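Visitor: Just need the structure, nothing else, for what follows:
(chains A and B)
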Protein chains: 2
Amino acid sequence: MTAAANRLDEMSPVLLMGPGPSCVPPEVYQALARPTIGHLDPRFLAIMEDIKTLLRQLMGTSNSLTLPVSGTGSAGMETSFVNLIEGGDRVLILSNGVFGQRMADVAQRLRAEVEALEFPWGTPVVPEAVRQRLAARDYDLVAVVHAETSTGVCNPVAEIGQLVRACDALYLVDTVTSLGGMPVTMDAWGADVMYSGTQKCLSCPPGLAPVSFSERAVAKLQARSTKVPNWYLDLTMIIKYWEGASRVYHHTAPINMLYGLYQALRCVLDEGLEQVFQRHRQAHEQLVAGLAELGIGMLVDAPYRLPMLNAVLIPEGVPEAAVRKTLLDQYGIEIGAGLGPLAGRIWRIGLMGHTARPENVARVLEALRATLPQGRAAG
Amino acid sequence: MTAAANRLDEMSPVLLMGPGPSCVPPEVYQALARPTIGHLDPRFLAIMEDIKTLLRQLMGTSNSLTLPVSGTGSAGMETSFVNLIEGGDRVLILSNGVFGQRMADVAQRLRAEVEALEFPWGTPVVPEAVRQRLAARDYDLVAVVHAETSTGVCNPVAEIGQLVRACDALYLVDTVTSLGGMPVTMDAWGADVMYSGTQKCLSCPPGLAPVSFSERAVAKLQARSTKVPNWYLDLTMIIKYWEGASRVYHHTAPINMLYGLYQALRCVLDEGLEQVFQRHRQAHEQLVAGLAELGIGMLVDAPYRLPMLNAVLIPEGVPEAAVRKTLLDQYGIEIGAGLGPLAGRIWRIGLMGHTARPENVARVLEALRATLPQGRAAG
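Guide: Predicted structure coming up:
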């Protein structure tokens, strides 16, 4: 027998303003609940084809190998490294937050020779430092996070791309948090590998990781001297299911999650990328201005701020966890805590995808005004 | 701009009688579409706790480490091997189908010393052969598939378990296809590692892999000399999110898929395991009898047949792919093709979870009767 109460019956919606998941539009919920069909059904194969086409538009690429991996955004990271790295490969990670650190951890487990070029959390990667490092040594892969979810910093991935293109290294860009919320132009950046997640600016629940490999990356994959040491994420097999006429079964695709992604991509592209990006920028500006009225500042200097992930300095003396709990329990709003060295110093307020709307920004500002200690709220 | 037509609008239901996914009950679709909340929201943590409890009931175990991994059933296989194997470990795979072969491939990529003890496809693993092999050599891990989805064979996992328990090896059992459709009693079998999938007899769409580790398996995991060479599936980190008070973020859990699994587990346990297993057996018997009337036999001898995966011998001269296409296009019924050496020799008719009902068996029998060439249909 199961527990008496079904916890889903009382699952009221939350305004999701943390670092993801973000709010999901009704069309995407409906898509998730469409009838499951087989992973080799021609109607499903047609949806897979459309997903690849829609992803290419969103990612700014013409790469043939562009598909969603059957796991969350971190599985996209794992897929990118495990397919491209062989033991002893030299990898340079440009790191200024949790997700840069995570890339180093992933690559080390694959027995790469990993160097991390580190920058202070809350500041961007400095291209000149990258240029010097690339001049001093050869690397097989250079990796950077576009939108550092742990700090709210936007890294200059286009500039870094020019530097990496002057070398032989492959260029990997993490766009988990940026994709669908600000311009992402894989081919123009000269990126060889990119991955993302569904639960940020695509406003689909977590569970899939869009991944794209350039022809150079595919060539490196095909020239491996050893099998990919991860059967589940081996793209040499996965592409035989996602491409070509024979559609060789690898693992059973997560059908309904793919329905959700298909619908989420349609929502973004139907609204129009420029309109979507502008909506994110405007929500961000509204939030920053409203916080300033409350006397609350931002961790990151203005030119480097992400629109969709706002690292907000917690006013001194404010019990940060208690405020988050009040927001969630009394206002139905989730905001995120800081990670690592920023724990207790910042809140992370997400304005991602469907969440990034003026009425939602007004709600969180009002809730903060009412919740913060009086003197502080008076600003 | 997106393509004009939304392919989900015309997504009519299919009677899913292949090797999975299976038909999904309405409650599970509704669960998938419940509001997404945060992966650290206390209400979500409560659902996670319930899922662990429900899984333990279904898997027949009291193992603390029992949780769904964020990927499909094959990710469960990957998780089990990558967490327990270190380079040079000696692994014995008892193999009589595609999924035994897959285990060998997974383990070899992790640099295990893999031996496969092979049995003809369509026949079960023979315990006496296992006993002899175990007497001749020591292994770190012995692995077998309970319900071989590629052949419809049930392997004698309880008997094999007794043999493995007499050695030092860990015992791994794949229950992707059996869990929720026939008795699965992990602790009674002496199994140390078990994994499954959601899209078979649990009747939840694909996307999650329940996994359970015994205390012995956890001890081996904790005694590793190297980090798990797969960040995404590293259980030493994943359990810090799924267990304990601190709930350390690892990767964003697939929230809505977990809603679906939670509901699917409730459906199975609310109906009652005995009733569910009986429903599968009865549907299987009805199918076999009906096929016999059509002059169609089974690949597997009666004592070794699985109820939920029926390997059906294709009558000579029947165009097997054309029949499957007619069933899908004209009757809305999906059945599966054979894999590997059984391609063209068998159909695989799944009676899994919500699919395993008398009216569905009648539908597929009627469709086959109408579709097969006249002489054959007359039996």
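Visitor: Just give me the longest helix of chain A.
Guide: Taking DSSP state H as the criterion, chain A has its longest helix at helix A:273-293.
Visitor: other SSEs contacting it?
Guide: strand A:309-313, helix A:358-371 (3 or more CB pairs under 8 Å, 6 or more residues apart in numbering or on different chains; DSSP states H and E). Placement of C-beta: from N, CA and C, glycine included.
Visitor: most packed of the ones you listed?
Guide: strand A:309-313 (a mean of 25; mean count of other CB atoms under 10 Å in any protein chain shown).
Visitor: Show residues contacting the very next helix or strand once past it.
Guide: Sequence-wise, the next helix or strand downstream of strand A:309-313 (DSSP states H and E) is helix A:320-331. Outside helix A:320-331, the residues within contact range by CB atoms under 8 Å, 6 or more residues apart in numbering or on different chains are A:14-15, A:314, A:333-335, A:337, A:344, A:347, A:363-364, A:367-368, A:371-372, B:41.
Visitor: let's see 10 Å
Guide: By CB atoms under 10 Å, 6 or more residues apart in numbering or on different chains, the list of residues contacting helix A:320-331 from outside reads A:14-15, A:17-18, A:314-315, A:319, A:333-338, A:343-347, A:363-364, A:366-368, A:370-373, B:37-38, B:40-43.
Visitor: Now tabulate the helices and strands packed on helix A:273-293 in JSON lines and tack on mean pLDDT.
Guide: Formatted as JSON lines, the helices and strands packed on helix A:273-293 follow (pLDDT from 0 to 100):
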{"stretch": "strand A:309-313", "mean pLDDT": "98"}
{"stretch": "helix A:358-371", "mean pLDDT": "98"}
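Visitor: Redo the ones you listed as TSV? Include distance to A:Leu258.
Guide: TSV is the format used below for the helices and strands packed on helix A:273-293 (distance: least, CB to CB, whole Å):
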stretch	distance to A:Leu258
strand A:309-313	26
helix A:358-371	27
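Visitor: Quick one: those as a markdown table, columns for distance to chain B too.
Guide: Output for the helices and strands packed on helix A:273-293, formatted as a markdown table (distance: least, CB to the nearest CB, whole Å):
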| stretch | distance to chain B |
| --- | --- |
| strand A:309-313 | 14 |
| helix A:358-371 | 14 |
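Visitor: Show me where chain A has its helices.
Guide: A:26-32, A:42-59, A:73-84, A:98-109, A:127-136, A:157-165, A:186-189, A:215-222, A:235-242, A:255-271, A:273-293, A:320-331, A:358-371, A:374-377.
Visitor: Quick one: list the elements packing against the fifth one.
Guide: Which is helix A:127-136. Using 3 or more CB pairs under 10 Å, 6 or more residues apart in numbering or on different chains; DSSP states H and E, the elements in contact with helix A:127-136 are strand A:90-95, strand A:113-118, strand A:141-145, helix A:157-165.
Visitor: repeat that for 6 Å
Guide: helix A:157-165 (3 or more CB pairs under 6 Å, 6 or more residues apart in numbering or on different chains; DSSP states H and E).
Visitor: And for the second one?
Guide: The contact analysis (3+ CB pairs under 6 Å, 6+ apart) places helix A:42-59 against strand A:65-69, helix A:255-271.
Visitor: And the residue nearest to A:Glu27 when sequence neighbours are not counted, how close does it get to B:Arg56?
Guide: Using CB to CB, 6 or more residues apart in numbering or on different chains and skipping the chain neighbours, the partner closest in space to A:Glu27 is A:Gln263 (5.4 Å). With the distance defined as CB to CB, to the nearest Å, A:Gln263 ends up 35 Å from B:Arg56.
Visitor: More neighbours: which of the two?
Guide: Neighbours around A:Gln263 and B:Arg56, counted as other CB atoms under 10 Å in any protein chain shown, are more numerous at A:Gln263. The numbers are 25 against 18.
Visitor: Now do the contacts for that one.
Guide: A:Glu27, A:Val28, A:Ala31 (CB atoms under 6 Å, 6 or more residues apart in numbering or on different chains).
Visitor: From what I see, the second one and A:Gly260 are in contact.
Guide: Just to be clear, that refers to A:Val28. Yes: using CB atoms under 6 Å, A:Val28 makes contact with A:Gly260 at a distance of 5.2 Å.
Visitor: Now do the shared contacts for those two.
Guide: Common neighbours of A:Val28 and A:Gly260 (CB under 6 Å, 6+ apart) are A:Cys204.
Visitor: between these two, who's got more neighbours?
Guide: Neighbour comparison, A:Val28 and A:Gly260: the larger count goes to A:Gly260, with 32 against 28 (by other CB under 10 Å).
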